[in-house]
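Asker: 3D, please:
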Amino acid sequence: MTMKRTTLLIVLLAGGIWAASLPASVEETPAPAENWFSGKATLRLLGRGDVDSSKFEEYRAMPKGISMPDFTLVGSLSGKKFALFGENISQRDQRYSGYVEGGWFKVTFDYNQIMHNIGFGGRMLFNETAPGVWSMSTTLRSLLQTAWEATPSATKTYPWLLDFWGPSLAASSKVDVSLQRNRGTTVVDLGQGLGFSFKLSYVREIRKGAKDTTPVYVSSQIFELPTPTDALTQDFGLMASLARKWGNIHGAYHHNWFKNNLPLLMVDNPLRATDAPYLNPIGGPAQGHNVMAPDNSASTLSFGALLKFGKQTRLLGDVARGQWKQNAAFFPYTFNTTVLTAEGTPANSPSSLPAQSLNGKIDTTALNVSFSSRPLDPLYLNLRYRSYDFKNNTPPIVSPGYVSWDRSWSTTGNTSTPFGYKTGRFETIVGLNFGKTLALEGVYRHAVEERTFREAEKNTEKAFALSAIGRGGDWALVRATYENAKREASGIGPGVTDLYFDEAKRQSEKVGFNIELSPFDPLTVVVSYFNRKDTYQNPSWGYQAAKYNTLSGEINIDTSRLKATVYYTIERNQDGHKGYQTISDILEWYTAMADDKTDSFGGNVKLKIVPDKWDFSALVRYQKVNGFLNLEGSAAIQATRAGNGGIQDIPDFDDTSLTTLKAQLSCAVSSECTLALGAFAEKYTFDDASVEAGLYFPAPGVFMLSPNYGSYKVTAFYTSLAYRW
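Answerer: Down below sits the predicted model:
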């Protein structure tokens, strides 16, 4: 779906019939004549230095030289209205949208390209010889294999390994980890002006590149590689609705299907050129592999109605039934030709599998019902119920064993687990207004989640919340809220003492307030505070506690010539985990408590120096995240690490800062033409103890891709010319 320049020109001139909504910034002013059109185009000339970090253009393109940031064309022809809008023309993050409307129909479209530059210049020992296939010279693999097998295991210390892999690492290739998403949406409405709505929609999204990095285990070595991505997702929908004074009825059908053109990642084993029986530590596979997401589909049928009664009474109900399917063919146990199953059949043959495909099937049912009313003038009532049933009808598959690390057959059998769950949530909201100065609101919530094949069969959460809203005339508004929730677990399996965070017993408290003051006309001051504390009742291991604190303030000035905003936000978040490690057949404890401190402040201003002639705008933004990881452990764990200085805290834990400065001065040269001059500066810093630029072999048997997504500093200057017609 990459749009070439020729195709782009045709789209810009012809308009097409794909479409989306009209941006709020574009004014559509029809001319008196039946046939009319107007438009706008902007050209920008930008100069900046080179940036050696993917973070600068992670989700945006900022090209040097001449570019077209936006393009607009709206009009009417023979009674048919049309519009076409373009952003970032001919860039990787370009977007086009528009519509055609006439009488009883309207066609809208949106075509959006989204890029994600994850990292530049990652180092790896392989070359991609085919999509998803990473290869290494057979000759080099044979030489490495001979040297590896001739060296005793005791000799393979880290210094020896550095010398062993050094020449290959020095000659290794580099790769950018980047993903391109191209998404198109079309909606055809055939009920314009006919008293009902009937729409057809089609969504098509192509993803190509590498969505992230993935580790592949090959013969006791772990290699980090780009995750191969070449996938197509499509969705077709039918939607209908009928609105009347008494309410409305609506229904929809959607069918979604996913096609993965790269379902398998293959990588050569640098230490083996051919498969060989594994005799520890010699032998093993010539290739390793990772299985990617399989092809699948989903269908959803929904129906709902809204009924209106007196006293602002509303009754709303929606139900949706869905079905998910996945029946892609299984890959074999292994691609190692020397491994045999317990029955003596080749483990690399799909015929040795207990099933040839999953035959996966999941049925879903979603129900939403709500009732709201104001039976008395100061009283309002709202009742809500939501349920979701995720019923997994996939048949279990019993396997007699598996291939361990692509090297040897293990007779440990296993059975696939068709996980499922069902949730229900009932909520009651009662509010009471005391004149225009005070309102009180109470909320009670009862939620239940039932699971299959999990450690706890059922969770029940009960919560209540109280809110007060105070008004001081037209210049003050205060809202304060307190919420308390308690989650219990039942049906816990025998021998289970601790649960995963989504199942564990939990006590939660939330408190917050929001104050909005307008002491005089152009000034508004907003102050808000939010605090949440979660305590998990896991006595041995697992999630222990989490705290979230946010305090923010904002000042706004809004006049006919000046619009300005200044803000400051403080965030303090903590979460803690407890785990165990076996030492001398004894479980020894350790804890990890992460503490993040975030400070954000900034402001922006828009000033009309001379109305309709000279305008000035500026933006300042700064954010700093200071992370700290506190680590503690038992005496036995401390002793095992005494030679390395013992357990130590990690002060550089995802530390990040971002500073952005922008300024622009624009002049309306004429009613059709506007000239602007601007400057842009940005500084990004990133520091983390687990990430060190250029470190590709941090530990024996671990090869990191280590792409560049680190710190940068850039300054840019630009001039732009916008022309309207």
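
Asker: so what's residue 34 up against?
Answerer: Going by CB atoms under 8 Å, 6 or more residues apart in numbering, residue 34 touches 76, 78, 79. Yep, even glycine has a C-beta here, placed from its N, CA and C like the rest.

Asker: whichever of those end up buried, select them in ChimeraX.
Answerer: Buried subset of the contacts of residue 34, written as a ChimeraX selection, criterion 16 or more other CB atoms under 10 Å:
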select :76
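
Asker: of the contacts of residue 34, closest to residue 554?
Answerer: Within these, distances to residue 554 taken as CB to CB reach their minimum at residue 76, with 41.9 Å.

Asker: tell me which residues in whichever strand or helix holds residue 202 are buried?
Answerer: Taking DSSP states H and E as the criterion, residue 202 maps to strand 197-218. For strand 197-218, the neighbour count (16+ other CB under 10 Å) marks 197-199, 201, 203-211, 213-214, 216, 218 as buried.

Asker: now do stretch 135-143
Answerer: In stretch 135-143, counting by 16+ other CB under 10 Å, buried: 136, 137, 140, 141.

Asker: surely the third one forms part of a strand?
Answerer: No. Counting by DSSP: H, G, I helix; E, B strand; the rest coil, residue 140 is not part of a strand but helix.

Asker: find the nearest non-adjacent residue to it, please.
Answerer: residue 168 (7.1 Å; CB to CB, 6 or more residues apart in numbering).

Asker: and residue 159, what element?
Answerer: Per DSSP H and E: helix 158-170 holds residue 159.

Asker: rewinding a little: tell me which other helices or strands the strand holding residue 202 touches.
Answerer: strand 105-124, strand 173-189, strand 221-244, strand 264-268, strand 287-291 (3 or more CB pairs under 8 Å, 6 or more residues apart in numbering; DSSP states H and E).

Asker: for it, the distance to its chain's centre please.
Answerer: Here strand 197-218 is found 12 Å from its chain centre; the criterion is CA atoms, centre = their mean, to the nearest Å.

Asker: ok, that strand: who's next to it in the sheet?
Answerer: strand 173-189 (antiparallel), strand 221-244 (antiparallel) (DSSP bridges).

Asker: average pLDDT for it, rounded please.
Answerer: Averaging pLDDT along strand 197-218 gives 94.

Asker: flag the shaky bits of this structure, pLDDT-wise.
Answerer: Along the chain, the parts satisfying pLDDT under 70 run over 1-33, 692-694.

Asker: again, 80 this time
Answerer: 1-34, 192-195, 539, 584-587, 641-646, 690-695 (pLDDT under 80).

Asker: would you mark the buried spots in the strand or helix carrying residue 257?
Answerer: Here residue 257, judged by DSSP H and E, is contained in strand 247-260. Applying a neighbour-count criterion of 16+ other CB under 10 Å, one finds 248, 250, 251, 252, 254, 256, 258, 260 buried in strand 247-260.

Asker: redo those residues as CSV? Include distance to residue 340.
Answerer: Below are the buried residues of strand 247-260 laid out as CSV (distance: CB to CB, whole Å):
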residue, distance to residue 340
248, 65
250, 59
251, 56
252, 52
254, 46
256, 41
258, 35
260, 30
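
Asker: picking up where we left off before, what residues are up against the residue nearest to residue 140?
Answerer: Each residue near residue 168 by CB under 8 Å, 6+ apart is listed here: 125, 140, 144, 270.

Asker: for the buried residues of stretch 135-143, which one is nearest residue 460?
Answerer: Distances from residue 460 to these, taken by CB to CB, are shortest for residue 136, at 55.0 Å.

Asker: and the residue lying closest to residue 295 once chain neighbours are set aside, how many neighbours?
Answerer: Closest residue in space to residue 295, ignoring its immediate chain neighbours: residue 328 at 4.9 Å, by CB to CB, 6+ apart. Number of residues near residue 328 (other CB atoms under 10 Å) recorded here: 15.

Asker: let's see stretch 592-609 as CSV, backbone CA atoms only.
Answerer: Taking C-alpha atoms only, stretch 592-609 is exported to CSV below (Å, rounded to 0.1, in the frame of the first residue of the first chain):
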residue,chain,number,x,y,z
ALA,A,592,12.4,-6.0,43.8
MET,A,593,10.7,-2.6,44.4
ALA,A,594,10.6,-0.2,41.4
ASP,A,595,10.3,3.5,42.1
ASP,A,596,9.6,6.0,39.3
LYS,A,597,9.6,9.8,39.8
THR,A,598,8.3,11.9,36.9
ASP,A,599,8.3,15.7,36.6
SER,A,600,6.6,17.4,33.7
PHE,A,601,6.2,21.0,33.0
GLY,A,602,5.7,23.3,30.0
GLY,A,603,3.6,25.9,28.3
ASN,A,604,2.4,27.2,25.0
VAL,A,605,1.3,30.6,23.8
LYS,A,606,-0.5,32.0,20.7
LEU,A,607,-0.3,35.7,20.3
LYS,A,608,-2.0,37.9,17.6
ILE,A,609,0.6,40.6,17.3
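
Asker: please enumerate the helices of this structure.
Answerer: Applying DSSP state H to the chain gives helices spanning 5-14, 138-149, 158-170, 635-640.

Asker: what segments of the stretch 601-725 of the chain are strands?
Answerer: 614-633, 655-668, 673-687, 702-703, 712-724 (DSSP state E, counting those that start in this stretch).

Asker: take those strands and lay them out in JSON lines including distance to residue 44 and mean neighbour count.
Answerer: Compiled in JSON lines, those are given as follows (distance: least, CB to CB, whole Å; neighbours: other CB atoms under 10 Å):
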{"stretch": "strand 614-633", "distance to residue 44": "15", "mean neighbour count": "16"}
{"stretch": "strand 655-668", "distance to residue 44": "11", "mean neighbour count": "16"}
{"stretch": "strand 673-687", "distance to residue 44": "9", "mean neighbour count": "16"}
{"stretch": "strand 702-703", "distance to residue 44": "42", "mean neighbour count": "20"}
{"stretch": "strand 712-724", "distance to residue 44": "4", "mean neighbour count": "16"}
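
Asker: got the ones you listed as CSV, with distance to residue 560 columns?
Answerer: Converted to CSV, the strands of the stretch 601-725 of the chain look like this (distance: least, CB to CB, whole Å):
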stretch, distance to residue 560
strand 614-633, 13
strand 655-668, 17
strand 673-687, 20
strand 702-703, 62
strand 712-724, 22
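
Asker: which residue packs closest to residue 616, ignoring adjacent ones?
Answerer: With CB to CB, 6+ apart as the criterion, residue 616 has its nearest non-adjacent residue at 4.6 Å, and that residue is residue 607.

Asker: quick one: contacts for that neighbour?
Answerer: Applying CB under 8 Å, 6+ apart to residue 607 gives the contacts 561, 562, 615, 616, 617.

Asker: right, I'll leave it there.
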